[in-house]
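Visitor: Provided below are the primary sequence and the corresponding predicted coordinates.
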Amino acid sequence: MPSIAIGRQPIFDHKLNTVAYELLFRDCDGQNRAKITNGDQATSEVILTAFTEIGLKNLFNNKPAFLNLTQSFLEGDIPLPNLVGLAVLEVLETIPVTDATVAAVHKLAQKGYTIALDDYVYHPHLDPFIDAAEIIKLDVLAQDHDMLAKTVKVLRGKGKKLLAEKIESHAEFKFCQSLGFDYYQGYFFCRPEVLTLKAMPANKLQILNILTKLQDPDITVSELENEISHDVSLSYRLLRYINSAHFALRQEIESISQAIMLLGWDNIRSIATLIILSRIEDKTLDLFKTGLIRARMCSLLATKIKPGAEDIYFTAGLLSIIDALMDLPMQDVMQQLSLSEELQNALVHQQGDIGHTLFNVIEYVQGNPSAIKSSDHNMGDLTETYLQAMQWADVTAMDITVAA
């Protein structure tokens, strides 16, 4: 797999506490530099790497990320994922002040984004951008002390927070402190830290992205329908599978909304997740069937110990193989999926009611009866549900394959 890299440089307050990080594109040559020939591509790679490959918690330590935006991202020519509350959007100094760009900046601010202006040198024609921005970044190397002091005075009068960037010496830092900057950034404090890792294949990234949305516990019925409908392949396979002999429905289902209405959204979410996992191309059918067996066993056991929770037990069993499917530790995968705390604890630590059931199912399927916690489930129940799950998994795996 190819390597990908991303730079992370801290931003400090006046007490030198880290309050945020700027994310920077970096080449994978170990030189801590960026040869940017395409700004859109660089921004895309930073977003892709930060928000899907490495994960927010690993990169930011729950602090905001400053992210450079090109004009294409700003105006919506290239879609921007929902990063409200996660990212501060930096409007680059190269972006022209036009009616379209000004409207785009104000629209992002209205959505809840914090807007920052990058490498700013004051000029009245930039006032439309300033009105929408909360933070102004001033390049201390691009202005002499007199000009910098005048700029700070003007912007203070507009109620803006100021960030001194590219500070490279103690003297520059002390001077900026005397002017009352709110934030500081530069090589004087530290050079960007470069994180490098192996890139995940696009096929798996797409799968993780849609799983994140489908497993969001706060997703609404209309949002679920929208996510599935926008994935043509998933929609087709879902409808084909639902209309197969497996369900033996009396009427043909012709739309996702009809499917949700008839089968229930939790059921559709489970089926969609099942189909999505079957898309992974470099894994064997046996691994997929293992997930099906675990899912069915967990669901059947839930009918005895926690009726009404069959869907979440099914999901736990199905997702218990996702670490093997993604070639990542389970904890890393969980950082990228919007799962409930209960489900995450079950998958990562086998804790809680769901986790205990999942633990017993995994040990039984793997042939380790001595490890089973008999206080949770008796051997007779496990044997019965295993036999039913094996038969169901064989039929389901075949139906899913046919629906492809």
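Guide: Right, received. Where do you want to start? Numbering: from 1, shown residues only.
Visitor: what about the helix or strand encompassing residue 346, distance to the chain center?
Guide: Following DSSP states H and E, one finds residue 346 within helix 341-349. On the basis of C-alpha atoms, centre = their mean, to the nearest Å, helix 341-349 sits 18 Å off its chain's mean C-alpha point.
Visitor: make 8 the starting number, not 1.
Guide: Sure, I'll start numbering at 8, so the last one becomes helix 348-356.
Visitor: residues in contact with that helix: which ones?
Guide: With contacts defined as C-beta atoms under 8 Å, 6 or more residues apart in numbering, helix 348-356 is touched by 222, 319, 322-323, 326-327, 329, 337-338, 341, 346, 358-359, 361-362, 365. C-betas here are computed from N, CA, C, even on glycine.
Visitor: these in helices, which ones?
Guide: The helices, defined by DSSP state H, take in 319, 322-323, 326, 329, 337-338, 341, 359, 361-362, 365 from the contacts of helix 348-356.
Visitor: give the buried residues for the helix holding residue 353.
Guide: Residues 349-355 are the ones in helix 348-356 that count as buried (16 or more other C-beta atoms under 10 Å).
Visitor: farthest pair within the residues you listed?
Guide: Spanning the widest gap among the buried residues of helix 348-356 are 349 and 355, at 11.4 Å by C-beta to C-beta.
Visitor: what about the strands in the protein?
Guide: For the chain, strands defined by DSSP state E occupy the ranges 10-20, 25-32, 72-76, 94-98, 121-124, 142-146, 168-172, 190-191, 200-205.
Visitor: need these in TSV with distance to residue 135, mean neighbour count and mean pLDDT, can you?
Guide: Shown next, in TSV, are these (distance: least, C-beta to C-beta, whole Å; neighbours: other C-beta atoms under 10 Å; pLDDT from 0 to 100):
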stretch	distance to residue 135	mean neighbour count	mean pLDDT
strand 10-20	25	19	76
strand 25-32	24	20	83
strand 72-76	16	23	83
strand 94-98	11	23	88
strand 121-124	11	22	92
strand 142-146	14	22	92
strand 168-172	18	22	94
strand 190-191	23	22	96
strand 200-205	35	15	62
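Visitor: and whichever helix in the chain runs longest, what does it pack against?
Guide: If you go by DSSP H, the chain has its longest helix at helix 386-410. Applying 3 or more C-beta pairs under 8 Å, 6 or more residues apart in numbering; DSSP states H and E, we find helix 386-410 packed against helix 239-249, helix 272-285, helix 292-312, helix 359-372.
Visitor: which one of those lies closest to residue 148?
Guide: Closest to residue 148 of the helices and strands packed on helix 386-410 is helix 272-285 (C-beta to C-beta; 49.0 Å).
Visitor: tell me the angle the closest one makes with helix 239-249.
Guide: Orientation check (axes from the mean of the first three to the mean of the last three C-alpha atoms, to 10 degrees): helix 272-285 against helix 239-249 gives 120 degrees.
Visitor: ok, back up a step: out of the contacts of helix 348-356, who's nearest residue 256?
Guide: Nearest to residue 256, judged by C-beta to C-beta, of the contacts of helix 348-356 is residue 322 at 22.6 Å.
Visitor: which ones are touching the residue nearest to residue 346 when sequence neighbours are not counted?
Guide: In space, and not counting its chain neighbours, residue 346 is closest to residue 222: 5.4 Å by C-beta to C-beta, 6 or more residues apart in numbering. With contact taken as C-beta under 8 Å, 6+ apart, residue 222 is in contact with 276, 280, 322, 326, 344-346, 350.
Visitor: 6 Å instead, please
Guide: Contact analysis of residue 222 by C-beta atoms under 6 Å, 6 or more residues apart in numbering lists 344-346.
Visitor: so which of these wins on neighbours?
Guide: Neighbour counts for those (other C-beta atoms under 10 Å) peak at residue 346, which has 23 neighbours.
Visitor: any idea how far it lies from residue 158?
Guide: Separation of residue 346 from residue 158 (C-beta to C-beta, to the nearest Å) stands at 47 Å.
Visitor: same question for residue 198.
Guide: Using C-beta to C-beta, we find residue 198 at a distance of 26 Å from residue 158.
Visitor: and these two? which has more neighbours close in?
Guide: Neighbours were counted for residue 198 and for residue 158 using other C-beta under 10 Å; residue 158 has more, 19 against 11.
Visitor: could the strands of the chain go into a markdown table alongside distance to residue 231?
Guide: Listed next are the strands of the chain as a markdown table, based on distance: least, C-beta to C-beta, whole Å:
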| stretch | distance to residue 231 |
| --- | --- |
| strand 10-20 | 31 |
| strand 25-32 | 31 |
| strand 72-76 | 28 |
| strand 94-98 | 25 |
| strand 121-124 | 30 |
| strand 142-146 | 36 |
| strand 168-172 | 39 |
| strand 190-191 | 40 |
| strand 200-205 | 31 |
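Visitor: and the ones in helices among the contacts of helix 348-356, which two are furthest apart?
Guide: Farthest-apart pair in the ones in helices among the contacts of helix 348-356 is 319 and 338; separation 19.6 Å (C-beta to C-beta).
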